[in-house]
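# sequence plus the predicted model coming up.
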Amino acid sequence: MISIDSVMTTALLTVKDTDLISVAANRMEAAGIRHLPVSDAKNHVVGIISQRDVAAAGKRSKKRVGEVMSRDVKTVRPYESAEKAVALMLENKIGSLPVVDDEETLIGIVTETDFLQVAYQALTAGKGLRGTNHSLGYQMP
């Protein structure tokens with residue numbers, strides 16, 4: 001079994017629900033990512049904001065993240081199977097899942113890209129990725 005902790009990204013960027021949309025847009029753009037968990041003061045997930053949410057609101061909108069984020073956030077635990085995470089993402093047509101510990105503290109995120117990298121490795125018998133940290137980028141031949 002491949003567990004979520006073996007594919008998730010732990011170098012997290014987050015936003016608060018009180019941040020302006022522009023803060024989320026700038027973080028996503030700078031990091032080249034499409035989803036940001038929204039966390040509270042205790043680092044618990046209260047929402048998630050996507051590139052689509054930002055585009056719909058307008059990158060320079062004066063709205064707050066909390067006004068446009070998705071609140072019904074599905075989460076997974078690091079010890080659960082990657083298969084479970086993929087099924088959850090497919091069933092709910094979502095591109096990412098925050099990873100939380102047993103105290104509901106945000107510890108990572110797993111995305112479509114993470115699973116595409118796993119698929120690529122499997123399809124190329126592990127020759128495709130050269131040990132780069134997938135949270136910072138990846139190399140393909």
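Perfect, I can see it now.

# which stretches in this structure count as helices?
Residue ranges of the helices in the chain, as given by DSSP state H, are 21-31, 51-57, 65-68, 82-92, 112-123.

# angle of the lowest-mean-pLDDT helix or strand in the chain against helix 82-92?
Here the helix or strand of the chain ranked lowest by mean pLDDT, DSSP states H and E is helix 112-123, holding a mean of 89. Between helix 112-123 and helix 82-92, the angle comes out at 130 degrees (axes from the mean of the first three to the mean of the last three Cα atoms, to 10 degrees).

# which strands or helices does helix 112-123 pack on?
helix 82-92 (3 or more Cβ pairs under 8 Å, 6 or more residues apart in numbering; DSSP states H and E). Quick note: C-beta positions are derived from backbone N, CA and C, even for glycine.

# distance from the centroid: which residue in the chain tops it?
Of all residues in the chain, A125 sits farthest from the chain's C-alpha centroid, using Cα atoms, centre = their mean; the distance is 25.7 Å.

# per-residue pLDDT, that one?
If you check A125, the pLDDT there is 70.

# how much space is there between the closest residue to S50 other than its chain neighbours and M1?
Distances taken as Cβ to Cβ, 6 or more residues apart in numbering put H35 closest to S50, at 5.2 Å, once the chain neighbours are dropped. From H35 over to M1 the distance is 25 Å, taken as Cβ to Cβ, to the nearest Å.
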